[in-house]
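Q: fold the following and give me the result.
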Amino acid sequence: MSDYTVVYFNAIKRGFSIPSTLVEFSIGNLEFSIKWYGVLIATGYLLALIFCTNLAKRAKINVDALYDAIIWGTVGGVLGARAYYVLFNLNYYLANPSHIIKVSEGGLAIYGGVIGAVLAAIIVCKVRKIRPLDILDLAAVGFLIGQGLGRWGNFTNQEAFGCNTNLPWGMMSDKTTEYLIDHQDFMVSHGLTVEPYTGVHPTFLYESIWCLLGFVLLYFMFKNFRKFRGQIALSYGVWYGFERSIVEGLRTDSLYIPNTNLRVSQLLSIALCVICLVLLIVKFLKYKKNPVEIIPDIEEEENNEQETEEA
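A: Residues are numbered from 1 along each chain as shown. You can find the predicted model right below:
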């Protein structure tokens, strides 16, 4: 296993060898490698599928339709994540259009992925004639466990880290140093001063912990306290938006609105958190005045069929 880096932490004298590749192998003249990043993303995806299926059955939501939404949502998520990244690096990709499809070089943005996945899932719901808010509530739970595990791929790749810190868990490696040296001009142009040979915030860790806590919270909420459709999706927006609006301000690789020092994801996070919080409060007040039990689509169809027969 040759692809690894040594990571040091402020409070620990020794370094830790962290591999980015799980296994390398060859078939004939072709060489292949399985990266930890991909393994972690796949594990998060699988766990999200398992938990969402469990919740769908409990809430009597059409599981086949859920799988259709997940499949097409995945396609939409990948396309959206890439399109978002390319859009905010447009000058580079206009000059190098052949690199737009080179996802292996990096460049997938989580917000673009979420937007693309949600839009694709809504289209599937319209086609399958199921309620989009049911699927979005399930997706919110899945997003958090997928994000929580997937962020550890950033650790194995030593990417998506923050500015300097003296905190005990501040980390440093050859990869963080190399990145900071190579991107000094970019950071200075946006008002950032970061020392390449000093520990940096492991922002992946902050987001991972927050997302996994959110997964536990929203999974428990879905099972026991879901009062109206869209409640879990709005709660996701508040929970994730709050954290990302803070952590994004620490990062050294943010996407910026052209010719400004405004971080795109930070602005989106603030907007997401505030809008979802307002809608959540309005929905709860509406529910409190007129409590209406969530009736699964399956039961509604049976009731409609019974009414038709009686008529």
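
Q: only C-alpha atoms from now on, for both contacts and neighbour counts.
A: Fine.

Q: Ile18 in helix, strand or coil?
A: strand (DSSP: H, G, I helix; E, B strand; the rest coil).

Q: any idea what it is bridged to?
A: On the basis of DSSP bridges, Ile18 takes part in beta bridges with Thr5.

Q: give me the contact list for stretch 50-69.
A: 120-122, 124-125, 128, 130, 134-135, 138-139, 141-142, 222-223, 296-298 (C-alpha atoms under 8 Å, 6 or more residues apart in numbering).

Q: stretch 164-177 too?
A: By C-alpha under 8 Å, 6+ apart, stretch 164-177 touches 5-12, 158-159, 161, 194-202.

Q: can you give me the end-to-end distance of it?
A: 11 Å (C-alpha to C-alpha, to the nearest Å).

Q: re the thing from before, out of the contacts of stretch 50-69, which sit inside helices?
A: 120-122, 124-125, 128, 134-135, 138-139, 141-142, 222-223, 297-298 (DSSP state H).

Q: tell me where the chain has helices.
A: Using DSSP H, helices in the chain cover 36-58, 63-87, 90-95, 110-128, 132-157, 174-182, 184-189, 203-224, 231-247, 264-289, 297-310.

Q: export these as a markdown table, with columns for mean pLDDT and distance to Val23.
A: Output for those, formatted as a markdown table (pLDDT from 0 to 100; distance: least, C-alpha to C-alpha, whole Å):
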| stretch | mean pLDDT | distance to Val23 |
| --- | --- | --- |
| helix 36-58 | 92 | 9 |
| helix 63-87 | 90 | 24 |
| helix 90-95 | 83 | 32 |
| helix 110-128 | 90 | 26 |
| helix 132-157 | 93 | 14 |
| helix 174-182 | 95 | 20 |
| helix 184-189 | 94 | 33 |
| helix 203-224 | 96 | 23 |
| helix 231-247 | 97 | 32 |
| helix 264-289 | 96 | 34 |
| helix 297-310 | 50 | 45 |
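
Q: give me whichever of the ones you listed is most buried.
A: helix 132-157 (a mean of 24; mean count of other C-alpha atoms under 10 Å).
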